[in-house]
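In: Just to be clear, the model below is a prediction. Sequence and coordinates:
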Amino acid sequence: MDTEQDDAIDRFWRVARLKGKVTRLELFVGQAPRDTIPPPAWSFSDDRATADEFVAEVLAGTRTTIVVTVADLGDEPAPEIGDLSILLDGGGEPRVLIRTTAVARQAVGDGAGVGAAAGLTPGGDPLPNGTEVLVERFEAVYPKPPKRRTPPA
């Protein structure tokens, strides 16, 4: 990341943590927004269009799950419930503050409620049954997706 992107992330974080009511962090990382450290920022894909599409789905409230193979996770720590992160669009701009709400490790094909996405790679190719995946569910903290209306009966 460059200085310009770091500044954009800092500006986004100052607004998102207040509007998203993420003030409980003050106890841990600072008393004023300028004293806090932004959470990790990342993009869903190196492909700009794919990253933008993912952000659009999160903002629309239609995407609330990420599935990654355990092998692809490598040495990175697994997400934990309550973790915050900033989702970047394809141009590297901060767009959404998300919070992890659930994490499960399972094998593709065990049917533990992951849905069809667990059986696909980010490129859309099927994964073999038995491939270990990490399923992270999350919510958009800021901006909040629109509330879904139930169709009239």
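Out: On my side now, so go ahead.
In: in this structure, which spans are strands?
Out: For the chain, the strands defined by DSSP state E cover 41-43, 65-69, 84-88, 94-107, 132-142.
In: Between these, which one is closest to residue 18.
Out: Among those, the nearest to residue 18 by C-beta to C-beta is strand 132-142 (8.7 Å). In short, each C-beta sits where N, CA and C put it, glycine included.
In: Please indicate which of the strands of the chain has the most neighbours on average?
Out: strand 84-88 (a mean of 21; mean count of other C-beta atoms under 10 Å).
In: Show me the beta-bridge partners of the closest residue to residue 98 other than its chain neighbours.
Out: Using C-beta to C-beta, 6 or more residues apart in numbering and skipping residues adjacent in sequence, the residue nearest residue 98 is residue 138, 4.5 Å away. Here residue 138 sits in beta bridges with residue 100, going by DSSP bridges.
In: For stretch 90-102, list the C-alpha coordinates in PDB.
Out: Extracted in PDB, the C-alpha atoms of stretch 90-102 (Å, rounded to 0.1, in the frame of the first residue of the first chain):
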ATOM      1  CA  GLY A  90     -10.800  -2.900  -7.300                       C
ATOM      2  CA  GLY A  91      -9.000   0.500  -7.300                       C
ATOM      3  CA  GLY A  92      -7.800   0.000  -3.800                       C
ATOM      4  CA  GLU A  93     -10.300   2.500  -2.300                       C
ATOM      5  CA  PRO A  94     -11.800   1.600   1.100                       C
ATOM      6  CA  ARG A  95     -15.500   0.900   0.700                       C
ATOM      7  CA  VAL A  96     -16.900  -1.200   3.500                       C
ATOM      8  CA  LEU A  97     -16.100  -1.900   7.200                       C
ATOM      9  CA  ILE A  98     -17.100  -5.500   7.900                       C
ATOM     10  CA  ARG A  99     -17.200  -7.600  11.100                       C
ATOM     11  CA  THR A 100     -16.800 -11.400  11.300                       C
ATOM     12  CA  THR A 101     -19.900 -13.000  12.800                       C
ATOM     13  CA  ALA A 102     -19.100 -16.700  12.500                       C
END
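In: can you give me the offset of that stretch from its chain's centre?
Out: Chain-centre distance of stretch 90-102: 5 Å, with C-alpha atoms, centre = their mean, to the nearest Å.
In: where in the chain is pLDDT low?
Out: Applying pLDDT under 70 to the chain flags residues 1, 23-35, 110-125, 148-153.
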